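**Student:** Below are the sequence and a predicted model; questions follow.
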Amino acid sequence: MIGSSAAVLREKLNRKQALLVPGCHDALSARVIESAGFEAIQVSGFGLAGSLLARPDVGLVEMKDVLEHTWHVVRAVGIPVMADIDTGGGNAMNAADITERLIVMGAAGVNIEDQVFPKRCGHMEGKQVIGAEEMTGKVRAMADVRRRVGTDIVINARTDACAVYGLDEAIRRANLYLEAGADMAFLDGIRTRTDVERAVWEVKGLLSVNLMDAVTGVKTELIPIPELARMGVARVSIPVASIMVVHRALKEFFDALRASPTGLLAGETQWLSSFAEYTDFVGLKEYRRLENEYLPKNTLEEKYSVR
């Protein structure tokens, strides 16, 4: 049913208990995150740029690719999925059209930001933001689509004004976007515990913060999740860890393989999942079950007979 996963996400966010929402860069990483026990997930624009293009997150991924891969993620997992549409694909009408597509595919939430296109990762230098009035128009258009379709999709309005104009302007913009119909405000690039505490008090709605990789924090102070929950933060995103973990694992494995005098890493099973473990994880047994249920017996016998 359209809106059901969105309703689940909305209920979790309304608790203001720092719902931890990791970012994924593809359907496989999404399923791994789900299997670890997380309750919601977001598609990472940073991760898509890396996995699809091997490029930095500077606005190079086409919106058709964002939507296609978001659809793959939604199909791959059972937990709520938040999409990332960067600056909304253009003006308010573009943002509204994309929102409707996300609703149809079953996305539970959507992030949109007030950067100038081409945007860039929120923790990179050189950011610019559009006028607050233009951004509120995008948010209003998205909220109107949600109302017309009749769904609970969560609109998360991100402002990058912290880096450009400071925290006061970021809070002002967050409240404007909430008044325009956003459900949650995301102050990207917020720096300190004191700043987060202030934002919780002054932002008149749900607040999201970004701890980037959960290890270094990049520009935002790493604050333990239980502390953020006590503050009343609604969502904590960890958007870039999946692609950076994969990058390191791939690099270390293939560097070791290239350096091996035999060209192999025989017996060094610590590098990877077994063939059986991986194929079980991606559903090969279920696929075989469906074959047995639906394919003709003679086809199965020919397909799997030992020669």
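**Tutor:** Now that the structure is in, tell me what you want to look at. Residues are numbered from 1 along each chain as shown.
**Student:** How about residues contacting the host helix or strand of Val246?
**Tutor:** Following DSSP states H and E, one finds Val246 within helix 241-259. Applying CB atoms under 8 Å, 6 or more residues apart in numbering, the external contacts of helix 241-259 come out as 22-25, 29, 32-33, 44, 46-47, 50-51, 212-215, 263-265, 268, 271-272. The C-beta positions use only the backbone N, C-alpha and C, and glycine is treated the same way.
**Student:** Just the buried ones among those, please.
**Tutor:** 22-25, 29, 32-33, 44, 46-47, 50-51, 212-214 (16 or more other CB atoms under 10 Å).
**Student:** Filter those down to just the ones in helices.
**Tutor:** 29, 32-33, 46-47 (DSSP state H).
**Student:** Tell me the one among those nearest to Ala182.
**Tutor:** Proximity of those to Ala182 (CB to CB) peaks at Phe46, which lies at 21.5 Å.
**Student:** Need the nearest residue in space to that closest one, chain neighbours excluded.
**Tutor:** Distances taken as CB to CB, 6 or more residues apart in numbering place Asp57 nearest to Phe46, at 4.2 Å, with adjacent residues excluded.
**Student:** Surely Ala157 forms part of a strand?
**Tutor:** Yes: counting by DSSP: H, G, I helix; E, B strand; the rest coil, Ala157 is part of a strand.
**Student:** partner residues bridging it?
**Tutor:** Ile112, Ala185 (DSSP bridges).
**Student:** Could I get the contacting residues of it?
**Tutor:** 112-114, 135, 139, 174, 177-178, 180, 182, 184-186.
**Student:** again, only this time at 6 Å
**Tutor:** Contacts for Ala157 (CB atoms under 6 Å, 6 or more residues apart in numbering) come out as 139, 177, 182, 185.
**Student:** can you check Glu197 too?
**Tutor:** Applying CB under 6 Å, 6+ apart, the residues near Glu197 are Met231.
**Student:** Just the element for it, please.
**Tutor:** Using DSSP H and E, Glu197 falls in helix 193-202.
**Student:** Excluding its own residues, what touches the helix or strand that that helix is followed by? List them.
**Tutor:** Counting by DSSP H and E, the next helix or strand C-terminal to helix 193-202 is strand 206-210. Applying CB under 6 Å, 6+ apart, the set of residues contacting strand 206-210 from outside is 13, 184, 186, 188, 196, 199-200, 233-237.
**Student:** coming back round to it: where does the helix holding Val246 sit relative to the chain's centre, distance-wise?
**Tutor:** 22 Å (CA atoms, centre = their mean, to the nearest Å).
**Student:** again, but for stretch 255-270
**Tutor:** For stretch 255-270, the distance to the chain centre is 34 Å (CA atoms, centre = their mean).
**Student:** Please identify the buried residues of that stretch?
**Tutor:** Under 16+ other CB under 10 Å, stretch 255-270 has no buried positions.
**Student:** Please apply the same query to stretch 120-137.
**Tutor:** So stretch 120-137, judged by 16+ other CB under 10 Å, has buried residues 120-124, 127, 129-130, 132, 135-137.
**Student:** and it, how far apart are its ends?
**Tutor:** With CA to CA, to the nearest Å as the measure, the first residue of stretch 120-137 is 21 Å from its last.
**Student:** For it, which outside residues touch it?
**Tutor:** With CB under 6 Å, 6+ apart as the criterion, stretch 120-137 contacts 46, 57-58, 92, 114-116, 160-161, 163-164, 173, 176, 180, 188-189, 212, 218-219.
**Student:** let's see it at 8 Å
**Tutor:** 45-46, 56-59, 87, 91-92, 113-116, 119, 157-161, 163-165, 172-173, 176-177, 179-180, 188-189, 210, 212, 218-220, 240.
**Student:** Same question for stretch 275-291.
**Tutor:** Contacts of stretch 275-291 (CB under 8 Å, 6+ apart): 28, 31, 35, 273, 300, 303.
**Student:** at 10 Å what do you get?
**Tutor:** 27-28, 31-32, 35, 76, 272-274, 299-300, 303-304 (CB atoms under 10 Å, 6 or more residues apart in numbering).
**Student:** Buried only: go through those for me.
**Tutor:** 27-28, 31-32, 76.
**Student:** Out of the buried residues of stretch 120-137, which sit inside helices?
**Tutor:** Going by DSSP H, the helices hold 132, 135-137 from the buried residues of stretch 120-137.
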